[in-house]
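# structural data only, the sequence is not supplied:
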């Protein structure tokens, strides 16, 4: 086994363990190029003609280390022979050893052990080592005249240059921040759930935001999922190979679940607190900067790490292996709680006091330069720590807003996945009662730098989880619904508690809770109507005074006044919000498990709650018609919409199964809308559960229309087998 010495000094015959560096890597320099004055072509030819031992020793072995006589085996199955003229495996050679046929349907997290093993054991060796001269691999050599449009990518240029061209990296960053609308900020990528960062802070030329390399790599990975660049589409396997390498790079830079200091000091990497050695668990000392920004003692990681976890979890969640994403979501939720993102940070200290402290800090910085030969402030510039964090207690308003948005986005996903996987809530309302709600998107994204000086004096921001629709962003229309969904999830777990559920089931306490939640849903419905009236005047005029036709976009002619972006987005949000509101009514009054719903052992079908739930099921199906009018491909919120479409369909399936040919015309129409929506989802999302439920619903609809089936019993049995895959019991 190849091991590195504990104290960091190289021992004879021992190869240092590769380590991922969070700081910017130096530009790659050809071996011995400083001492060579001839043409570069002759120089590279001379390098290739050197004896094997010369190349291997010069490129890999540290000074004073004895040569290795036996090949070394890496955890990924590759071998390293010091006698080979190509001692450092190239990215090109890695392709022959890894399964690069990457598909989101096959979870890349588990395919190569990136989650089950430590990062050092599961990451490709070439990602952890300084790359050899690019001239040795002409296939990946990039022209020197490429310009870097976005300086924010400088920390990872040396790592991505062998994977994608610089111009493509800039394009992928643009895709990550792209919007479907020109006036509103609506992420165009289905893998960007909500906006956390300001676009201008990343893309501006001067003084861009300081980011961790892992966050930048994850953004490029997300952008590569949907980019139509020829580099990723020709040949067809190119996207999978590039995405796989970007994923491995992200994970190697992130060090999942265990965050260790990047300075490399043994004392920092192995802290001892109260006699307990905490090395290897990524526990930061209580003097770390996290205390100054509201984090818990021992919290390791930063906001950039939380955002990186979100990017990784979102893409995996969109695959067939959704459950694998819970590992990444749990990491994001846990780190967000450790950093106390649900709390507002204290005000910044007085500027006069800060000036005195800055003078002391400058003196300490000079001492650091004299002792270590480098300035610690600049070395942390690309470690994911904002610039203001170099001054204790000073946090910019933009950093505060990033913390709020990261928390509220994780809050949304927590409640959404609680419904999907029958799990209790992770993030509690009590943790964020005093947290300000996210800023309006137009205010947050305006200008090259974020400032609150231009806000009107009457501007008011609410605190805590919202209950009403307030805006066009996901935090404005979807966050209130997730707040209510969290209460429904808690209520349902109480009803189905294995020991206490029966005692409360016969009381009135749960009925009172359900009634209160129903009132909250009604309040959301009224706020949705007020939201529509605010942006779509009743007199049929646009905000600019022009007339607009309220017909759907499909009925708009090119000669008439076209529907504006504001009206289109508003109507889309109202349609989605109406459907989700009625679906939550169904979840509040009905059963969540499809098999229990069909069996109806407790005769729930004859209760008043069934009648109420049926009315909401028909209303939810009617709202789907409006959704398909304004969002024909269901691309507005594909990550979230599927489970609510499914839960809103179970009750209609029950009615169709029980009544069959006696079902009313409204029920038949509702079933047809459900089938149509699932068919669109199959094209847009292409997930297995939607393909299966579409077949089940189509079979039930055939019975409703009176079509006789010869194998009726077999069809019902097959239907139950399919629905049994998606049981919700608890």
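That came through, no problem. Since we're looking at a predicted model, the values are computed, not measured. Numbering: from 1, shown residues only.
# okay, now residue 208: neighbour count?
When neighbours are counted by other Cβ atoms under 10 Å, residue 208 registers 16. All C-beta spots, glycine's among them, are computed from the backbone N, C-alpha and C.
# ok, it - contacts?
Neighbouring residues of residue 208 by Cβ atoms under 8 Å, 6 or more residues apart in numbering: 150-152, 201-202.
# are any of these buried, and which?
150, 152, 201-202 (16 or more other Cβ atoms under 10 Å).
# those: which two are farthest apart?
Pairwise distances across the buried ones among the contacts of residue 208 (Cβ to Cβ) peak at 11.1 Å, for the pair 150 and 201.
# could you look up the SS state of the closest residue in space to residue 450 that isn't next to it in sequence?
Spatial nearest neighbour of residue 450, chain neighbours left out: residue 398 (4.2 Å); criterion: Cβ to Cβ, 6 or more residues apart in numbering. The three-state label given to residue 398 by DSSP: H, G, I helix; E, B strand; the rest coil is helix.
# can you spell out which helices and strands pack onto the lengthiest helix in the chain?
As assigned by DSSP state H, the longest helix anywhere in the chain is helix 509-535. Applying 3 or more Cβ pairs under 8 Å, 6 or more residues apart in numbering; DSSP states H and E, one finds that helix 509-535 makes contact with helix 479-495, helix 565-589.
# quick check: buried residues in that helix?
510, 513-514, 517-518, 520-521, 524-525, 527-528, 531-532, 535.
# ok, which pair from those residues is furthest apart?
It's 510 and 535 that sit farthest apart of these, by Cβ to Cβ, at 38.0 Å.
# quick one, what contacts the closest residue to residue 514 other than its chain neighbours?
Of all residues not flanking residue 514 in the chain, residue 588 sits nearest, at 5.9 Å (Cβ to Cβ, 6+ apart). Listed by Cβ under 8 Å, 6+ apart, the contact set of residue 588 reads 488, 491, 514, 517-518, 521.
# now, which of those residues sits nearest residue 700?
residue 488 (26.2 Å).
# do I have it right that that closest one meets residue 584?
Yes: using Cβ atoms under 8 Å, residue 488 is in contact with residue 584, at 6.3 Å.
# neighbour-wise, which of these two wins?
Shown here are residue 488 and residue 584; by other Cβ under 10 Å, residue 584 has more neighbours (27 against 22).
# surely the more buried one meets residue 521?
Yes: in this structure, residue 584 is within contact of residue 521 by Cβ under 8 Å, at 5.8 Å.
# mutual contacts of the two, please.
residue 484.
# how many residues are close by residue 622?
Counted with other Cβ under 10 Å, residue 622 comes out at 17.
# domain parsing for the protein?
1-89, 104-117+146-257+283-348+381-453, 478-726 (automatic domain parsing).
# can you pull the poorly scored residue ranges out of the stretch 251-400 of the chain?
Along the stretch 251-400 of the chain, segments meeting pLDDT under 70 span 255-301, 320, 351-393.
# and which of the buried ones among the contacts of residue 208 is nearest to residue 252?
residue 152 (19.9 Å).
# just confirm that closest one is within a strand.
No: judged by three-state DSSP, residue 152 forms no part of a strand; its state is helix.
# nearest residue to it in space, please, no chain neighbours.
Of all residues not flanking residue 152 in the chain, residue 208 sits nearest, at 3.9 Å (Cβ to Cβ, 6+ apart).
# next: residue 215.
Per Cβ to Cβ, 6+ apart, closest to residue 215 is residue 304, 4.3 Å.
# pull the contacting residues for that neighbour.
211-212, 214-215, 384.
# from residue 214, how far off is it?
7 Å (Cβ to Cβ, to the nearest Å).
# cool, and residue 460?
According to Cβ to Cβ, residue 460 stands 37 Å off from residue 214.
# low pLDDT regions in the stretch 101-250 of the chain?
Using pLDDT under 70, the stretch 101-250 of the chain drops low at 101-146.
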